[in-house]
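> whatever this is, show me its structure:
(one chain, ligands or ions: 1)
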Amino acid sequence: MKKAVVLGAGYAGLKTVVELQKKCRGQVEITLVDENDYHYEATDLHEVASGNLPASKITFPITDVLDPRMTTLILAHVARVDEEKHLVILDGHAPLEYDYCVFALGFVSETFGIKGAAENSLPMTDVKEAEAIHEHIIKQMEDYRQTKDENDLRIIICGAGFTGIELAGALADARVRYAKLAGVTPDQIKIDIIDASKRLLPMFNDKLADYGIKLLEKLDVNIITEALIQEIQPGVVLYKGANDEEGTPLHKIVGNTIIWTTGVSGSPVVAESHLQERRGRVMDTAHLTAPDHDNLYMIGDVAAVMPPDGKRPYPTTAQIALSMANYVAKDIAARVKGTSRPGAYTYKSLGTVASVGNTRAFGEAGGHSFKGYPASVMKKMIMNKSLMELGGFRELFAKGRFDLYH
Ligand SMILES: Cc1cc2nc3c(=O)[nH]c(=O)nc-3n(C[C@H](O)[C@H](O)[C@H](O)COP(=O)(O)OP(=O)(O)OC[C@H]3O[C@@H](n4cnc5c(N)ncnc54)[C@H](O)[C@@H]3O)c2cc1C
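Just a heads-up that it's a prediction; the model follows:
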């Protein structure tokens, strides 16, 4: 029987397993490796970081969706893949042999080498980091009662991309709760978001991007654009204005919670595996394999896939990760059964919706723009669809977002 080893139980990895279990019963032995025994919905990490949702609401046990007759789960850290020998090297576990390997280890925080960013700011790339952010904020609010230091009430988000904007909205929703803890009024909790770009949210048209920005401003989030971060010191962000003249001293914002959301790169295990990569991403072949390694599929946030005639790869999203997993399961099934392989991978985005707190959102789907409450309902439906695709009705009913009426 052929051996498929799937690395990572995020959107890409878990979906591959779910589909292989349906398509290759009795024909493939699957081993799934993850360092956690739970799957998490990475698209909801900001809700955990803000404390608006507990981690249990965005996670479920991986074994819930595994068929033990076909799939074995190994809890271990993947160190690297040796594609020449068809081996996966794990920390503290015997190496795994494979016929097909699906590499889906997701993303890590990217500091772009900015001094002090790793040491003095909080990343938000997995559940533990999101929980650590929430615990940190709570501690600052409680500390304020003793210190009366206004910096305890200040939260700074570095990076106003999709993730930073969603986080800012979630934090604004949580303000009333934080204020109670600190014994202050909600308007005393300051939220700053800082970014190098002039025009934020480039994935949306101008009207929608403006709408999103105005929404945040209404929620009293201070947006600083064209600010090139130079260094993070404990409690201080130092930046240069894009239009500053030579010799202008650096600007600074101070606050005792600094969160880092400037961007992500693919898993460092990609480089450890000596694959040709850029920022942890491999430029895939038409079958979503690594160049010259037809048995090694690279999917989700470790993959760069070019649109036809495109200049830049598709943005890495949960949506494309799920779509890649579907394709890979089809491709492996065809190879195992000896039928013809599907044609080159193609992708069509279903649209993008960004939430700004629990009841507001904006985005586009099917050529239409959506704003406000209807967009927020749509966002929750998108989350529910992804849960359904991975965990079926069981996880949908247990963890789905049905708080649609406000
Ligand atoms: C706050 C936030 C909001 C987002 N919102 C959206 C959105 O609205 N829509 C959208 O489409 N996308 C969104 N994204 C992007 C989306 O979450 C990612 O593109 C998606 O998670 C990538 O899926 P993946 O399967 O490649 O990786 P992941 O979902 O990150 O899964 C990787 C898995 O690998 C495991 N793992 C990692 N390294 C190792 C190792 N060395 N050994 C063992 N296991 C390991 C992890 O535990 C994890 O289970 C958002 C991201 C964030 C952070």
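
> please make it C-alpha for all contacts and neighbour counts, starting now.
OK.

> which ones are touching the residue lying closest to Thr185 once chain neighbours are set aside?
Spatial nearest neighbour of Thr185, excluding adjacent residues (Cα to Cα, 6 or more residues apart in numbering): Ala179 at 5.5 Å. Residues counted as contacts of Ala179 (Cα atoms under 8 Å, 6 or more residues apart in numbering) are Met141, Thr185, Pro186, Gln188, Ile189.

> now, which of the residues you listed sits nearest the ligand?
Of all the contacts of Ala179, the ligand sits closest to Ile189, with 21.2 Å by Cα to the nearest ligand atom.

> what about stretch 24-40, near the ligand?
Yes. Part of stretch 24-40 sits near the ligand under the criterion Cα under 6 Å from any ligand atom, namely Asp34, Glu35, Asn36, His39.

> so how far is the ligand from Ile299?
6 Å (Cα to the nearest ligand atom, to the nearest Å).

> with Thr147 instead?
Taking Cα to the nearest ligand atom, one finds Thr147 at 31 Å from the ligand.

> what about that residue, how many residues nearby?
12 (other Cα atoms under 10 Å).

> show me the contacts for Pro234.
By Cα under 8 Å, 6+ apart, the residues touching Pro234 are Asn120, Ser121, Asn256.

> from Glu246, how far out is it?
26 Å (Cα to Cα, to the nearest Å).

> now Leu215
Leu215 is 35 Å from Glu246, where distance means Cα to Cα.

> which one's more surrounded, the two?
Taking neighbours as other Cα under 10 Å, Leu215 and Glu246 compare with Leu215 leading, 18 against 6.

> contact partners for the more buried one?
Leu215 touches Val356, counting by Cα under 8 Å, 6+ apart.

> quick check: phi and psi on it?
phi -60, psi -50 (degrees, to the nearest 10).

> wait, Lys198 touches Ile223, no?
No. The criterion here is Cα atoms under 8 Å, and Lys198 misses it with Ile223 at 10.9 Å.

> more crowded one of these two?
Remark: of Lys198 and Ile223, Ile223 carries more neighbours, 19 against 11, as counted by other Cα under 10 Å.

> the more buried one pairs with what?
Ile193 (DSSP bridges).

> relative to Val65, how far out is it?
42 Å.

> could I get the phi/psi values of Arg278?
Main-chain dihedrals, Arg278, degrees, to the nearest 10: phi -140, psi 120.

> which of the contacts of Ala179 sits closest to Ala375?
Closest approach to Ala375 among these (Cα to Cα): Pro186, at 25.9 Å.

> out of the contacts of Ala179, who's the most crowded?
Each of the contacts of Ala179 was scored for neighbours by other Cα under 10 Å, and Met141 scores highest at 26 neighbours.

> what is the burial count for Lys218?
Using other Cα under 10 Å, the number of residues around Lys218 comes to 10.

> likewise the one 4 residues further on?
The local packing of Asn222 (other Cα under 10 Å) involves 16 other residues.

> separation between the residue nearest to it when sequence neighbours are not counted and Gly13?
Nearest residue to Asn222 in three dimensions, chain neighbours excluded: Asp192, at 4.6 Å (Cα to Cα, 6+ apart). Going from Asp192 to Gly13 by Cα to Cα gives 35 Å.

> before we move on, what about Ala130?
According to Cα to Cα, Ala130 and Gly13 sit 21 Å apart.

> nearest residue to the middle of this structure?
The residue lying closest to the centre of the chain (Cα atoms, centre = their mean) is Ala42, at 4.6 Å.

> that one contacts Asp126, correct?
Yes. Between Ala42 and Asp126 there is a contact at 6.8 Å, judged by Cα under 8 Å.

> separate out the buried members of the residues of stretch 24-40 next to the ligand.
Neighbour-count burial (16 or more other Cα atoms under 10 Å) applied to those gives Asp34, His39.

> just put the residues of stretch 24-40 next to the ligand in TSV and tack on secondary structure and pLDDT.
Below are those laid out as TSV (DSSP: H, G, I helix; E, B strand; the rest coil; pLDDT from 0 to 100):
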residue	secondary structure	pLDDT
Asp34	strand	98
Glu35	coil	98
Asn36	coil	98
His39	strand	97
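
> farthest pair within the residues of stretch 24-40 next to the ligand?
Pairwise distances across the residues of stretch 24-40 next to the ligand (Cα to Cα) peak at 10.2 Å, for the pair Glu35 and His39.

> the longest helix along the chain near the ligand at all?
Criterion DSSP state H: the longest helix present in the chain is helix 372-399. No. With Cα under 6 Å from any ligand atom as the criterion, the ligand is not reached by helix 372-399; the gap is at least 7.7 Å.

> buried sites along that helix?
Within helix 372-399, the residues that count as buried by 16+ other Cα under 10 Å are 372-373, 375-384, 386-392, 395-396, 399.
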